[in-house]
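In: coords please:
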Amino acid sequence: MECGHVCTGCTVRDVALCGSLDEGALADLNRVGRRRHVEQGETIAWAGEESRTCGNILSGLFKLSASTTDGREQTVGLLYPADFLGRPYAAQTDYSVTALSAAEVCVFPRKAFEATLERNGAMQRALLRRTLATLDEARARLLMLGRQSAEERIARFLLDMAKRFGAEGGASVDPQTFDLPLSRGAIADVLGLTIETVSRQMTKLKAARIIALPGGRTVTIARRAALEALAAEV
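Out: Presented below is the predicted three-dimensional model:
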């Protein structure tokens, strides 16, 4: 889906990478950009293919995944609204990018994006900061997978989802209700657990009245302090 002005109605403009551009540079990028609707389950980039586009996630949730030599898939990261998609100056895509929910992205041809990047020092610095933050997140994920128990992983995951998707904007309030953007199978994949372990830990938290599970994917954090105590900081 293409729009006359891709920035019109953008809900993440102030926090996305484009927020570092002045109006002139933004207008230049707007001329080559387009909005694209993505269906749940749709893969918009495949590992190993030519890198053609870059962009920002406007809404929805994506997973980054890689495949082993025997064909098994492993989720290596998640992308949220305002996160950046693609690899400038890279000839090919390292990871497959798949929508875990209906989503909308703002995409630009990679070469045109690189030209804008080279003309704007503020944007270069913003991209560097995001890249370093992503590296920190990857290191934290490795520590989580190597050292945290299943209980700790689930507790930290729920707190992170409440921060990102809670209506209160991550405020430390009791109770706080939000909808999980992932199925329990997808959660298991992200956290390096089995779906049975995820279900067992969620039931355990419910029995302890730390969370409530009203139905579907809805979760209510009833006792945030107790959940934080279970989530080992990484």
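
In: around residue 86, count how many other residues there are.
Out: Residue 86 is flanked by 20 other residues according to other CB atoms under 10 Å. (Each C-beta comes from the backbone N, C-alpha and C, glycine too.)

In: got a pLDDT number for it?
Out: Looking at residue 86, its pLDDT is 89.

In: same thing with the one 4 residues further on?
Out: pLDDT recorded at residue 90 is 89.

In: ditto for the one 4 residues further on
Out: Confidence at residue 94, expressed as pLDDT, is 89.

In: show me the contacts for it.
Out: 47, 66, 87 (CB atoms under 8 Å, 6 or more residues apart in numbering).

In: could you tell me which of these belong to strands?
Out: residue 66 (DSSP state E).

In: of the contacts of residue 94, closest to residue 18?
Out: Taking CB to CB as the measure, residue 87 is the one of those closest to residue 18, at 17.3 Å.

In: between the contacts of residue 94, which is closest to residue 102?
Out: residue 47 (22.7 Å).

In: count the neighbours of residue 108 for me.
Out: Using other CB under 10 Å, residue 108 is surrounded by 24 other residues.

In: what does residue 199 give?
Out: 15.

In: where does the protein dip in pLDDT?
Out: 1-9, 167-173, 233-234 (pLDDT under 70).

In: again, 50 this time
Out: Residue ranges of the chain with pLDDT under 50: 1-4, 234.
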